[in-house]
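Student: Here is my input, please return the structure:
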Amino acid sequence: METDFTTALWSGGNLWLLVVGGGAVVLGVVFAYATMQWRTARQEETPAEKAEREVVTRENFGKTEQGKH
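Tutor: Now for the predicted structure:
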């Protein structure tokens, strides 16, 4: 039992707009959640862990070929 509203929603560009808009909202929520988790994890690092991460980063940076990043 389709009404005029459901027929218009499924046959026109409204469905496309709903899907794209919903996808953008979901993607934004995922990015916000991941950013919060990343910041929380970085704040819980001890000074020793930060120093170790810095050393490893510098070692790995030195392994790249000169002129290529």
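
Student: in which helix or strand would I find the spatially most central residue of the chain?
Tutor: Compute the mean C-alpha point of the chain, and by C-alpha atoms, centre = their mean the closest residue is Phe31, 3.6 Å away. Element membership for Phe31, per DSSP states H and E: helix 14-43.

Student: which outside residues touch the following helix or strand past that helix?
Tutor: Using DSSP H and E, the next helix or strand after helix 14-43 towards the C-terminus is helix 47-62. Here helix 47-62 makes contact (C-beta atoms under 8 Å, 6 or more residues apart in numbering) with Glu45. Backbone N, C-alpha and C define where each C-beta goes, glycine included.

Student: what angle separates helix 47-62 from helix 14-43?
Tutor: 110 degrees (axes from the mean of the first three to the mean of the last three C-alpha atoms, to 10 degrees).

Student: Helix 47-62 - what's its average pLDDT?
Tutor: Helix 47-62 comes out with an average pLDDT of 89.

Student: so where is this structure shaky, pLDDT-wise?
Tutor: 1-2, 8-12, 64-69 (pLDDT under 70).

Student: Contacts only, for Val20.
Tutor: Neighbours of Val20 in contact, by C-beta under 8 Å, 6+ apart: none.
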